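Enquirer: Sharing a sequence plus its predicted fold:
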Amino acid sequence: MGTFIVRRLLQAIPVVLGVSFAVFMMMHLLPGDPAIIMAGEAAQPAQIEQMRVNLGLNDPILTQYWRYITNAIRGDLGTSIRTDMPVRNEIFDVRFATTVQLALVATAFSMFFGLIIGIVSVVWRRSFLDILLMLIALLGLSVPNFWLGVILINFFSLQMGWLPITGWGTPAQMVMPALMLGIGGSAVIARMTRASMLEVFNQDYIRTAYAKGASERIVIFRHALRNAMIPVITVVGLQFGFLLSGAVISETIFAINGLGRLMIQSLMNRDFPTAQGAILVCSLLFVLVNMCVDITYRFVNKRIDLN
Amino acid sequence: MKSHKTAKNVQMYIGAGIVLFFVLVAIFAPLIAPYDPLEVVIPRRLQAPSSEHWLGTDDLGRDNLSRIIFGARVSLTVGVLATAIGAATGVIFGMLAGYFGGKLDSIIMRMIDVLLAFPGLLLALAIVTVLGSSTRNVILAVAIFAVPGFARIVRGATLNVKKLEYIDAIRAVGANDFRIIFLHIFPNILSPIIVQATLNVGGAIVTAAALSFLGVGTPPPTAEWGAMVDRGRAFLYQAPHMIYFPGLMIFLLVVGINMFGDGLTDFLQPKKSR
């Protein structure tokens, strides 16, 4: 197990480097000159040139990347062009925790409903209820989450006045963003749970369990569910990544001060260091979550080959 | 068992019907749209649905129904073109990686891993911001976003097919690698590609609409469903119809595509069907 974790960590290094390089290059391709933005539109050419020198923008691109990555490893992600604050503080003071909380609440929501729907449709498989639940899951899978968010606001906040439209922190504020982000995930998890459990039901050991006289409940919960969870874990991990990107939308709609909103605002404002830092942190978090999923996967199913 | 299969078939036909409906709407948009989708008429702004304007008007007095009808063109074009470009690129990379293996496989798959490390929409968002807002750039961004999915599936399928005896036989009679890849492996891995492509179109349409919703997609005044929902947000109190209908159209079209894709999976990959 130890070797697996070490190997998995080593495998992540080139991906992390690749991601950081891709983000770095993307920011360099963005239209707009950071030196002009920082020096101000009214600055003299000499001042702009001085700014370029200060920012190291005249150095070769690889030198700039090397400087960026070595600084990032030390925790220095640069300074925001717009607010003059260190990007690290912009990201980690409040926003990072908010977005992670949002993703966790939505994941919990989607796991809870996804598993229940998946299990219920397996218990009553091939019945009308099964068909109905899978149809609902298909609808959940297809609904555009940004539209759902606006519909939720219209119904729960504007018409009923039950929930606050904006912000994050109180349970009431968490309901709509989690619902909006979690519905798609619930649908994916429900479908995966059902498919995976039906697969397990074809195995000999399940037939053996029935033959021994085990009840449906024992077979489902003790034998089938545990083994069917393996592919479901992967889906949950992938969903977490989608939730991180979905955060861009939900944070925009519900005016939540999180990483996603920071990202889109900094991209729009051409605040290169902040956008770069936010995308990098989000991607690294995604890589980390997927690594944890792989390790859990391995832990749950010891038969999986490392390669 | 039989009832389940029938239900799945019915689902596939309903899905195909919905998709066909939207395709026809997109093709014949200029003939069926009652008004010019871009015509601004301020005195009739924010009107609720009526016999004159079935789906109401927006904040500039433009007819919502006409905008929605023309919006089908944008969404379908983006969904299909982005999927086609993403599929073509992913299939080529996936087949090369799976067939040649070794270093080429490692390099391609690490690149794919990097692309996969960007959570969903972020990659498309960053690409469109870099390239600038336009329908063409949205197609490109959504296509790049689709490449990893195709590359992974195709690589796996290629690995399975290349082990088969008939490939050895073809090689023995002197066929070169590229002939084997494109003429003998490709036709045998088409099923998973078609299934992935169908399901990808729905995702591509939602991603493109989300980009427009965030203000970086197809630029105004073009009628685009995601942008229409975004515009309607500011008038939720006065004119909620501005958000209901365009969003509902995205929802319906994607439901249709997913129903059809699910049925297709059962048909082309029976082992995967439940």
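Expert: That came in fine, so what should we check first?
Enquirer: Please count neighbours and contacts with C-alpha atoms only from this point.
Expert: Will do.
Enquirer: for chain B, what are the nearby residues on chain A?
Expert: A:14-16, A:18-19, A:26-27, A:29-31, A:126-127, A:131, A:138-139, A:142-144, A:146-147, A:150-151, A:154, A:158, A:195, A:198, A:241-242, A:244-246, A:249, A:267-268, A:279, A:282-284, A:286-287 (Cα under 8 Å from any Cα of the partner chain).
Enquirer: Buried ones among those residues?
Expert: Among those, the ones that count as buried by 16 or more other Cα atoms under 10 Å in any protein chain shown are A:15-16, A:18-19, A:26-27, A:30, A:126, A:131, A:138-139, A:142-144, A:146-147, A:150-151, A:154, A:158, A:195, A:198, A:241-242, A:244-246, A:249, A:267, A:279, A:282-284, A:286-287.
Enquirer: coming back round to it: can you list which of the residues of chain A next to chain B are found in helices?
Expert: Of the residues of chain A next to chain B, the ones assigned to helices by DSSP state H are A:14-16, A:18-19, A:26-27, A:29, A:131, A:138-139, A:142, A:146-147, A:150-151, A:195, A:198, A:241-242, A:244-246, A:249, A:267-268, A:279, A:282-284, A:286-287.
Enquirer: In chain A, mark out all the helices, start to finish.
Expert: A:2-29, A:34-39, A:45-55, A:61-73, A:87-90, A:96-123, A:128-142, A:145-152, A:171-201, A:204-211, A:216-218, A:225-253, A:259-268, A:272-300.
Enquirer: any chance of those helices in CSV, with distance to residue B:87 and mean pLDDT too?
Expert: Shown next, in CSV, are the helices of chain A (distance: least, Cα to Cα, whole Å; pLDDT from 0 to 100):
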stretch, distance to residue B:87, mean pLDDT
helix A:2-29, 22, 85
helix A:34-39, 36, 75
helix A:45-55, 40, 82
helix A:61-73, 32, 90
helix A:87-90, 37, 92
helix A:96-123, 29, 92
helix A:128-142, 21, 92
helix A:145-152, 25, 94
helix A:171-201, 22, 90
helix A:204-211, 38, 87
helix A:216-218, 43, 83
helix A:225-253, 21, 82
helix A:259-268, 28, 89
helix A:272-300, 24, 84
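Enquirer: Can you pull the residues of the stretch 1-150 of chain B lying near chain A?
Expert: For the stretch 1-150 of chain B, the residues in contact with chain A (Cα under 8 Å from any Cα) are B:1, B:3-4, B:7, B:110-111, B:113-115, B:117-122, B:126-127, B:129-131.
Enquirer: Are any of those residues buried, and if so which?
Expert: The buried subset of the residues of the stretch 1-150 of chain B next to chain A (16+ other Cα under 10 Å) comprises B:4, B:110-111, B:113-115, B:117-122, B:126-127, B:129-131.
Enquirer: For the regular element (helix or strand) spanning residue B:88, which helices and strands make contact with it?
Expert: Using DSSP states H and E, residue B:88 sits within helix B:64-100. Packing partners of helix B:64-100 (3 or more Cα pairs under 8 Å, 6 or more residues apart in numbering or on different chains; DSSP states H and E): helix B:2-27, helix B:29-32, helix B:102-116, helix B:135-162, helix B:190-213, helix B:225-233, helix B:241-268.
Enquirer: residues in contact with whichever residue of chain B sits closest to chain A?
Expert: Residue nearest to chain A within chain B (Cα to the nearest Cα): residue B:130, separated by 4.5 Å. Listed by Cα atoms under 8 Å, 6 or more residues apart in numbering or on different chains, the contact partners of residue B:130 are A:26, A:27, A:29, A:30, A:31.
Enquirer: ok, now residue A:110?
Expert: A:182, A:183, A:184, A:185, A:186, A:187, A:189.
Enquirer: hmm, 7 Å instead?
Expert: The contact partners of residue A:110, by Cα atoms under 7 Å, 6 or more residues apart in numbering or on different chains, come to A:182, A:183, A:185, A:186.
Enquirer: From the opening residue of stretch A:34-47 to its closing one, how far?
Expert: 13 Å (Cα to Cα, to the nearest Å).
Enquirer: what's next to that stretch, contact-wise?
Expert: A:48, A:51, A:52, A:81.
Enquirer: how far away is residue B:105 from residue B:155?
Expert: 9 Å.
Enquirer: do residue A:280 as well
Expert: Using Cα to Cα, residue A:280 is found at 28 Å from residue B:155.
Enquirer: now do residue B:108
Expert: For residue B:108 relative to residue B:155 (Cα to Cα), the value is 10 Å.
Enquirer: Between the two, which has more neighbouring residues?
Expert: Taking other Cα atoms under 10 Å in any protein chain shown, residue B:108 and residue B:155 do not tie; residue B:155 has more neighbours (24 against 18).
Enquirer: Spit out the residues that contact residue B:105 and residue B:155 alike.
Expert: With Cα under 7 Å, 6+ apart as the test, residue B:105 and residue B:155 both reach B:97, B:98.
Enquirer: which stretches of the stretch 51-200 of chain B aren't confidently modelled?
Expert: B:120 (pLDDT under 70).
Enquirer: Next up, the contacts around residue B:74.
Expert: residue B:224 are the contacts of residue B:74 under Cα under 7 Å, 6+ apart.
Enquirer: let's go with 8 Å and repeat that
Expert: So residue B:74 contacts B:135, B:223, B:224 (Cα under 8 Å, 6+ apart).
Enquirer: and the last one, how far is that from residue B:232?
Expert: Between residue B:224 and residue B:232 the distance is 12 Å, computed by Cα to Cα.
Enquirer: for the first one, same thing?
Expert: Remark: distance between residue B:135 and residue B:232 (Cα to Cα) = 21 Å.
Enquirer: Which part of chain A gets nearest to chain B, residue-wise?
Expert: residue A:30 (4.5 Å).
Enquirer: What does the pLDDT read for that residue?
Expert: According to the prediction, residue A:30 has pLDDT 73.
Enquirer: wait, doesn't it sit right on residue B:129?
Expert: Yes - assessed by Cα atoms under 8 Å, residue A:30 is found in contact with residue B:129 at 7.1 Å.
Enquirer: what's the overlap in contacts for residue B:108 and residue B:155?
Expert: B:93, B:97.
Enquirer: OK, contacts around the nearest residue to residue A:225 once chain neighbours are set aside?
Expert: Closest residue to residue A:225 apart from its sequence neighbours, by Cα to Cα, 6 or more residues apart in numbering or on different chains: residue A:197 at 6.5 Å. Going by Cα under 8 Å, 6+ apart, residue A:197 touches A:122, A:224, A:225, A:227, A:228.
Enquirer: how close does the residue positioned nearest the centre of chain B get to residue A:118?
Expert: The structure's chain B has its C-alpha centroid closest to residue B:201; by Cα atoms, centre = their mean the separation is 2.1 Å. Here residue B:201 is placed at a distance of 25 Å from residue A:118 (Cα to Cα).
Enquirer: Of residue B:224 and residue B:232, give the one with the bigger neighbour count.
Expert: residue B:224 (27 against 23).
Enquirer: these two touch, right, the more buried one and residue B:64?
Expert: No - between residue B:224 and residue B:64 there is no contact under Cα under 8 Å: 11.0 Å.
Enquirer: Now residue B:176, what are its backbone angles?
Expert: With angles defined as degrees, to the nearest 10, residue B:176 sits at phi -80, psi 170.
Enquirer: Please report the distance of it from residue A:95.
Expert: Shown here: residue B:176 relative to residue A:95, a distance of 55 Å by Cα to Cα.
Enquirer: okay, these two: which has more neighbours?
Expert: residue A:95 (20 against 11).
Enquirer: For that one, which residues are in contact?
Expert: Counted by Cα under 8 Å, 6+ apart, residue A:95 has contacts A:257, A:258, A:259, A:262.
Enquirer: Between those residues, which sits nearest residue A:112?
Expert: Closest to residue A:112 out of those is residue A:258 (24.3 Å), distances taken as Cα to Cα.
Enquirer: Now that closest one. Nearest residue, chain neighbours left out?
Expert: residue A:95 (4.1 Å).
Enquirer: what's the closest of the helices and strands packed on helix B:64-100 to residue B:93?
Expert: Between these, helix B:135-162 lies closest to residue B:93; by Cα to Cα that is 5.9 Å.
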